[in-house]
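Peer 1: 3D model of this:
(4 chains)
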2 protein chains.
Amino acid sequence: MSAADDAMDALVRTTFEVAGVLTRIGGEHDLSLTQLRVLGILRDRRARITELADYLGLDKSTMSGLIDRAQRRGLLTRGKNPYDGRVVEVYLAPAGLELAQRVEDDIRRALAPATGRLDPEQLDRLVSLLNVVSARSSPAHAAGGPTAAPRRSNRATDDS
Amino acid sequence: MSAADDAMDALVRTTFEVAGVLTRIGGEHDLSLTQLRVLGILRDRRARITELADYLGLDKSTMSGLIDRAQRRGLLTRGKNPYDGRVVEVYLAPAGLELAQRVEDDIRRALAPATGRLDPEQLDRLVSLLNVVSARSSPAHAAGGPTAAPRRSNRATDDS
DNA sequence: CGGCATGGTTGGTATTGCCAACCATGCCGG
DNA sequence: CCGGCATGGTTGGCAATACCAACCATGCCG
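Peer 2: Below is the predicted model of the structure:
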């Protein structure tokens, strides 16, 4: 069972490493890790406050404040839902979209040296394995051949 | 180049997922993610304040406060270094060691379902690949045979 | 012995996050 | 139709995390 423990170690270590990179990049644009995630989520869809809170595992009041500050910075906008007067829909303002783009590029650049150490086939295998680990795969046996990785269109900071 | 992007997505997604698990488990023991890391680091060695701060990428004043609160909870102890009166050495108190142990078990349990979806050979491959990604391997070609994974003795919350 | 560097602490501020309380809106059952 | 109840957000209060700048104490040298 040392194999599972080693995997845990590697996962946890990589988590801290990647989180560190994301925190650093976020900081360079005055974004906390959470704000960075919010921007990533809103990059390709609008969402309501509670939806974001639930998704990120935060209290709705926390999300409210987060949105407040980001809005004050002109990164996003609060809009009303015409079908339900209670819900507030949040979506990126132009400045927010631009920032999200820029941050994503930076993240890509920052992680490139890491992923660059793997050849395409290894990358494919890594993606397959991580997909299984993070519960986003059919129970089908993953990590098969070189093309076994499900192609998806998500970008780095996306979370859906 | 979509392969590297997919890998980035998978890495970032897994990072948030694992970080979420760690945050949850930490919270169950009234530990922030950072405190959890500190405990993990101190589990098998003592360290000075600046060393911890540098390692975790935090300001020394932040670390000072972190240590304060943990010490007030009886989790760790500040000691003087006999060779240099300026440095403060920090090490786990018995309660802290016990807590660290308990948290580590919980993390193991929490991640077991995830890693459990992989068979031993896949786990081995995952470890090799992650070791390459997180820059902790010789540039030698990793992800080789089933026994290619370097065996290390680290435990989950360790960071060294 | 007088600077200068190093290691920590302190004080001030902003952000993140929680909880409890609250307001507004929507949904029903009677 | 109207009085509860549920749902969605906001507000206020609090603690923890994190930064910076300023400071103290110790050590190191010239």
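
Peer 1: Counting neighbours, what do you get for A:Leu129?
Peer 2: When neighbours are counted by other Cβ atoms under 10 Å in any protein chain shown, A:Leu129 registers 26. C-beta coordinates here come from the backbone N, C-alpha and C atoms, glycine included.

Peer 1: For chain A, which segments count as helices?
Peer 2: According to DSSP state H, chain A carries its helices in the segments A:2-28, A:33-42, A:49-56, A:60-72, A:94-115, A:120-133.

Peer 1: Average pLDDT for stretch A:21-37, rounded please.
Peer 2: Mean pLDDT, computed over stretch A:21-37, is 96.

Peer 1: quick one: it near DNA strand D?
Peer 2: No: judged by Cβ under 7 Å from any atom of the strand, stretch A:21-37 stays clear of DNA strand D, getting no closer than 7.6 Å.

Peer 1: So for that stretch, first residue to last residue, what's the gap.
Peer 2: The first and last residues of stretch A:21-37 sit 13 Å apart, counting by Cα to Cα, to the nearest Å.

Peer 1: List the neighbours of that stretch that are in contact with it.
Peer 2: A:19, A:39, A:56, A:58, A:66, A:69-70, A:99, A:102-103, A:106-107, A:110-111, A:157, A:159, B:12, B:15-16, B:57 (Cβ atoms under 8 Å, 6 or more residues apart in numbering or on different chains).

Peer 1: Try it again at 7 Å.
Peer 2: A:19, A:56, A:66, A:70, A:99, A:103, A:106-107, A:110-111, A:157, A:159, B:16 (Cβ atoms under 7 Å, 6 or more residues apart in numbering or on different chains).

Peer 1: Could you tell me how many residues sit around A:Ser128?
Peer 2: Each residue near A:Ser128 was counted by other Cβ under 10 Å, and the total is 26.

Peer 1: Residues of chain A that sit close to DNA strand C?
Peer 2: When proximity is defined by Cβ under 7 Å from any atom of the strand, chain A lies next to DNA strand C at A:32, A:34-35, A:57-59, A:61-62, A:65-66, A:69, A:84-86.

Peer 1: ok, so of those, who is nearest B:Lys80?
Peer 2: Proximity of the residues of chain A next to DNA strand C to B:Lys80 (Cβ to Cβ) peaks at A:Ser32, which lies at 35.7 Å.

Peer 1: pLDDT weak spots in chain A?
Peer 2: In the predicted model, chain A carries pLDDT under 70 at residues A:1, A:136-160.

Peer 1: Now for A:Gly79: which residues touch it?
Peer 2: By Cβ under 7 Å, 6+ apart, A:Gly79 lies in contact with A:Glu89, A:Tyr91.

Peer 1: before we move on, what about A:Leu39?
Peer 2: So, once contact is read as Cβ under 7 Å, 6+ apart, A:Leu39 ends up touching A:Gly96, A:Leu99, A:Ala100, A:Val103, A:Thr157.

Peer 1: tell me which of these is nearest to DNA strand D?
Peer 2: Proximity of the contacts of A:Leu39 to DNA strand D (Cβ to the nearest atom of the strand) peaks at A:Gly96, which lies at 16.5 Å.

Peer 1: Tell me how far the closest residue to the closest one other than its chain neighbours lies from DNA strand C.
Peer 2: For A:Gly96, the nearest residue in space outside its immediate sequence neighbours is A:Leu75; the separation is 3.5 Å by Cβ to Cβ, 6 or more residues apart in numbering or on different chains. A:Leu75 is 11 Å from DNA strand C, where distance means Cβ to the nearest atom of the strand, to the nearest Å.

Peer 1: ditto for A:Asp119
Peer 2: For A:Asp119, the distance to DNA strand C (Cβ to the nearest atom of the strand) stands at 36 Å.

Peer 1: Most neighbours of all the contacts of stretch A:21-37, which one?
Peer 2: The residue in the contacts of stretch A:21-37 with the most neighbours, by other Cβ under 10 Å, is A:Thr157 (26 neighbours).

Peer 1: circling back to that earlier point, can I get the buried part of the residues of chain A next to DNA strand C as one ChimeraX selection?
Peer 2: Listed next is the ChimeraX selection for buried residues among these, using 16 or more other Cβ atoms under 10 Å in any protein chain shown:
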select /A:35,58,66
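
Peer 1: What parts of chain A come near DNA strand D?
Peer 2: For chain A, the contact set with DNA strand D under Cβ under 7 Å from any atom of the strand comprises A:48-51, A:60-61, A:64-65, A:67-68, A:78, A:84, A:86-89.
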